[in-house]
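Student: what's the 3D shape of this:
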Amino acid sequence: MPGVERPRLYVFGGLIATGKSTLAAAWAARLGIAHYNSDVVRKELAGLASTASRKEGADQGIYTPEFTRKTYDTLLERAAAELEQGRSVVLDASYLDRQERRLVLELARRLGVECRFIFCDCADQVKKERLKLRARDPQAVSDGRWEIYLRQKEKFQPPAELAPEQLLAIDTDQAIPTLLATLARRLL
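Tutor: Residues are numbered from 1 along each chain as shown. Alright, predicted model coming up:
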């Protein structure tokens, strides 16, 4: 139908404490679309409240590779359900390795929708401050800590496989309204 916009898949990624979840939630709210956060989905799959603290080490408990696979598969399933209904959707997870990003791109291709990755980053000092604040927040969903950040940083595979039109790198050390304005200019 002329004038009907096709749904889009917006994928917010990056290391912990880069502000990706805050920005992803704000973007989804601005567009009035579903937002699926890996921390929330992971805990839901484990039968936990989203704010239940799990200070397990990397690759332990609900953070094992098997449970992470289940979490990312569920994110893909939920995105597919939204997109198949003609609705745009936001996915919010680290997406640190090429394989995870490839699976998202395959879903977008299969459904014939545009997919844009928004990779969030900021200075390490900003990440440290955010992690300190999060540690004191009883409503925090993420279990990320500095030692987890350092491990993620070692494992991170830069998104070099993404074409320039598929990727927007953004410095999240700015106010949310400024970041939303940047996203609107670059993505809409």
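Student: alpha carbons only for contacts and neighbour counts from here, please
Tutor: Will do.
Student: any stretches of this protein with poor pLDDT?
Tutor: 1-4, 53-60 (pLDDT under 70).
Student: need the longest helix for it.
Tutor: helix 65-84 (DSSP state H).
Student: let's see whichever helix or strand comes after that helix as PDB, backbone CA atoms only.
Tutor: For helix 65-84, the following helix or strand on the C-terminal side (DSSP states H and E) is strand 89-92. Extracted in PDB, the C-alpha atoms of strand 89-92 (Å, rounded to 0.1, in the frame of the first residue of the first chain):
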ATOM      1  CA  VAL A  89      10.600  -3.300  17.400                       C
ATOM      2  CA  VAL A  90      13.600  -2.500  19.500                       C
ATOM      3  CA  LEU A  91      16.000  -5.200  20.700                       C
ATOM      4  CA  ASP A  92      18.400  -4.300  23.500                       C
END
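Student: run through who's touching the next helix or strand after strand 89-92.
Tutor: Where DSSP H and E defines the elements, the next helix or strand beyond strand 89-92 is helix 98-111. Residues from elsewhere that reach helix 98-111 (Cα atoms under 8 Å, 6 or more residues apart in numbering): 9, 72, 76, 80, 83-84, 95, 114-115, 157-159, 161.
Student: these, buried ones only, as a PyMOL selection?
Tutor: Selection of buried members from the contacts of helix 98-111 for PyMOL, criterion 16 or more other Cα atoms under 10 Å:
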select buried, resi 9+72+76+80+83+95+115+159
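Student: including distance to Arg42, could the contacts of helix 98-111 go into TSV?
Tutor: Listed next are those as TSV, based on distance: Cα to Cα, whole Å:
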residue	distance to Arg42
Leu9	20
Tyr72	9
Leu76	13
Ala80	18
Leu83	21
Glu84	23
Tyr95	14
Glu114	26
Cys115	23
Gln157	22
Pro158	24
Pro159	23
Glu161	27
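Student: return the set of buried residues in the longest helix of the chain.
Tutor: Buried residues in helix 65-84, counting neighbours by 16+ other Cα under 10 Å, are found at 67, 71-72, 74-76, 78-80, 82-83.
Student: before we move on, what about stretch 114-129?
Tutor: Residues of stretch 114-129 classed as buried: 115-122, 126-128 (neighbour count, 16+ other Cα under 10 Å).
Student: and the residues you listed, which of them are in helices?
Tutor: Taking DSSP H as the definition of helices, those contribute 126-128.
Student: now for the buried residues of helix 65-84, which pair is the farthest apart?
Tutor: For those, the farthest-apart pair by Cα to Cα is Phe67 and Leu83; their separation is 24.4 Å.
Student: related to what we said a few turns ago, closest to Thr178 out of the ones in helices among the buried residues of stretch 114-129?
Tutor: Nearest member of those to Thr178, counting by Cα to Cα, is Val126, at 17.0 Å.
Student: show the contacting residues for that closest one.
Tutor: If you count contacts by Cα under 8 Å, 6+ apart, Val126 has them with Asp173.
Student: and the gap between it and Phe117?
Tutor: Distance of Val126 to Phe117, given as Cα to Cα, to the nearest Å: 22 Å.
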